[in-house]
Structure formats: C-alpha cells, structure tokens
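Chemist: starting from these lines, generate the structure:
(one chain, ligands or ions: 2)
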Amino acid sequence: MTETLTIRRPDDWHLHLRDGDMLRAVLPATAAHFARAIIMPNLVPPVVTFAQARAYHARILDALPQDADFTPLMTLYLTEDTDPDDVAAAAESGLVHAVKLYPAGATTNSASGVQNFDSIRAVLERMAEIGLPLCVHGEVTEAEIDIFDREAVFIDRVLDPIRRATPGLRVVMEHITTRNAVDYARAQDGTLAATITTHHLVINRNHILAGGIKPHYYCLPVAKREEHRLALRAAATSGEPRFFLGTDSAPHTDANKLLPCGCAGCFTALNTMSILAQVFEDDGALDKLEGFTSLHGPAFYRLPVNGDDITLEKTAPTLPAQIETAEGPVTVFDPGFDLKWRVV
Ligand code: DOR
Ligand code: ZN
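Modeler: Ligands and ions are numbered 1, 2, ... in the order given. Here you go, the predicted structure:
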C-alpha cells in the first residue's frame, strides 16, 4: 500500500506573488497547496500604504483560479515616511497582518527601504502597542561587510538594538540562513519567531558556486556554509514553535536570472511540499512537518489553524522544470534529488 501523510492544510508565511501577468502565472501553484500566505510588498512601486495594500489584495483575488480557496495576508512596506495611523488602520481592517522592513538596498526592489532606523521609531512603537508583527529582511547593506556575514552583523547591529528599544515588538526574522540566527531566535522570548525557506534547507553555497555558477540557486540572503544549512535543518525539524515555513518563493523569468547581473530568488511554490516531505523524512522527522508548515505560523500570527487537510503520498510527482508566463519561462527550483512525495 502507498504510504500517505495527512496534515492540516499549510500556509506560506513569506511569499512573492508579483503583479500582472506574473501574478496570474504563479498564484495557482501556491493556491493549490496553501490556504494563506503572507504577501511581500516589494512591487514596483512598493505597497506602502493601506490603500495600496487594499488595491493589491483585490488584484490577487481577481487573479485567483475560480475554484481556489486562498486568502492573501497583506503586508505594508516600511519606509521612513510610513504613517503610524495608516499602519494601525490597516491592521484594524484585518487585511494587513504585518509590516515589512527592508534595509534600503538589501535586495530586489528595496530602494525605498529604511536607511535611518531612528526614523521608524514611532511606527515600531505603535506596532508594539497593537501587536502587529514586523517582518524583517535581516541583512546589513554596507559595502564593506562581506555578503556571507551580513545576516550575523544585522542581528548584532540592527535587530537586537531595535528589539531592546521597542519592548513587546513582535518580530519575524525572515528566511534565516545562519546558525547565528537560529541561536539568536532560540535565546529570545515569544515575541520573536523565524521563518525558514525550502531552498535554504537544501542548498549551501557550494551548490551555487562549485563546478560552475548556478544562477537559479542565487537568492538573498545568499545560502551559506554547510554547517549553517545543517543548523537550519535541525531548527526546522525540531518541532520548536518559533520556527516555521516561509518559502520566499520569488519568481523571476529565466531571462532576468541569466543576466550578467542576475536577479535573486528561487521559485519554490510548486514543489515546496514535495521537497519538505523528503527533507523531514530524511531527517527522521516526518511527524514534525505539520508543525512547521501548518501549526506554528498561525500560532505566532494569532490566527486559527486551517480547517481542512492535505494528503501527501509516497509517489514520485510529475512536475515541470519550468512554468510558462507571458513574460517568459520561470524555472522551478531543482532540489538536486529525486522527489518521492506528491500532494494528492
Ligand atoms: O532572493 C530573494 N528574492 N530575496 C529577497 O529578499 C527578495 C526576493 C525577490 O523579491 O526577488
Ligand atoms: Zn522575500
């Protein structure tokens, strides 16, 4: 008999859906498996105000396949001009579930992000008051800091000072990539959580660079040494509620990935559940998969867990290597091993 695994329907606590044709092309992959996702606001121009988030929310609903049951959880892009009252109104509406902090220049479309962290103090204080989480892209941007050290330096120089200055602020360290981040998260109270992507559980920096450069493995924060990947695997499969899934699935066309200065991002929405089942099984932790994908996230975001289930069966999935979009093909993340589990 085929082995099966039934778990609560999962959510994705960090997702890039883009807009327009790309949104229409990638949304079905997420909506097929996930009930909800925290939607990143780094569009061009970014989703800064409540009004912009409302409009983007409507465009996402409009792009959903007809039979889909999917709820986008919107975020606001934090700038130095963000108005605390607008943030409070957005949270009050129930549409917006977090504010996203991009240090200016840290990654794709982050030019309007924050340079002077003192200028966001009033917004952070209001968020602490109302319990609205701050999602953090945790990398410093100083040119002299080595790209492989940028997360660890951010924790010391930016994240920890912000949290000390704003008691009660609820923070999600997003797409953590280092043992340093795992250790930091473990040492904090329940106001802090961390998301982990699918791809950072699978690749280290050798996968990007050894034996030829692999643009499809380039993302930000960039994958680190093997010891860090192993720390992430241990955290994800530990069952600790502070760690949960945020895929950071970030589609770019192949044309934009394969440039001399290619875009950062791995498109994992399509095969994340198959890859994760394999990762958790390989680590003897299939019983911890549901917590990571379906229980810990809602608990942190103070939302109910989903009412329905999904079932995976141990049968090789047939998945395309690319999806077609009106802007050109987008390559699906290749974990480098054969997948044995599929969502039925
Ligand atoms: O790899 C990434 N891609 N990391 C990010 O932080 C942004 C994302 C994107 O929007 O393409
Ligand atoms: Zn992201």
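
Chemist: show me the contacts for residue 276.
Modeler: By Cβ atoms under 8 Å, 6 or more residues apart in numbering, residue 276 lies in contact with 198, 201, 245, 289, 292, 293. Glycine gets a C-beta too; all of them are placed from N, C-alpha and C.

Chemist: touching ligand 1 at all, stretch 203-223?
Modeler: Yes. In terms of Cβ under 6 Å from any ligand atom, part of stretch 203-223 sits within range of ligand 1, namely 219, 220.

Chemist: which stretches of the stretch 151-300 of the chain form helices?
Modeler: Along the stretch 151-300 of the chain, counting by DSSP state H, counting those that start in this stretch, helices occupy 160-165, 179-186, 205-209, 226-236, 254-257, 272-282, 289-290, 296-301.

Chemist: who wins for proximity to residue 149 among those helices?
Modeler: Set against residue 149 and scored by Cβ to Cβ, the helices of the stretch 151-300 of the chain come closest in helix 179-186, at 9.3 Å.

Chemist: CA atoms of that closest one as CSV?
Modeler: These are the backbone C-alpha positions of helix 179-186, laid out as CSV (Å, rounded to 0.1, in the frame of the first residue of the first chain):
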residue,chain,number,x,y,z
ARG,A,179,23.5,29.2,12.8
ASN,A,180,23.8,32.7,14.4
ALA,A,181,20.2,33.4,13.5
VAL,A,182,19.0,30.1,14.9
ASP,A,183,20.9,30.6,18.1
TYR,A,184,19.6,34.2,18.4
ALA,A,185,16.0,33.1,17.8
ARG,A,186,16.3,30.3,20.4
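
Chemist: where along the stretch 101-250 of the chain do the strands fall?
Modeler: 134-136, 171-173, 192-196, 243-245 (DSSP state E, counting those that start in this stretch).

Chemist: give me the angle between the longest one and helix 226-236.
Modeler: Angle of strand 192-196 versus helix 226-236, following axes from the mean of the first three to the mean of the last three Cα atoms, to 10 degrees, is 120 degrees.

Chemist: near ligand 1, anything from strand 192-196?
Modeler: No. Using Cβ under 6 Å from any ligand atom, we find that strand 192-196 stays clear of ligand 1, coming within 11.8 Å at best.

Chemist: that strand: which residues count as buried?
Modeler: For strand 192-196, a neighbour-count test (16 or more other Cβ atoms under 10 Å) marks 192, 193, 194, 195, 196 as buried.

Chemist: okay, now the sheet partners of that strand, with direction.
Modeler: strand 171-173 (parallel), strand 243-245 (parallel) (DSSP bridges).

Chemist: the first one - what's its average pLDDT?
Modeler: Just to be clear, that refers to strand 171-173. Regarding strand 171-173, the rounded mean pLDDT is 98.

Chemist: just the residues contacting it, thanks.
Modeler: Taking Cβ under 8 Å, 6+ apart as the rule, strand 171-173 contacts 13, 98, 133-136, 138, 159, 162-163, 181, 184-185, 191-195, 246, 300.

Chemist: weed out the non-buried ones from those.
Modeler: Among these, those classed as buried by 16+ other Cβ under 10 Å are 13, 98, 133-136, 138, 159, 162-163, 181, 184-185, 191-195, 246, 300.
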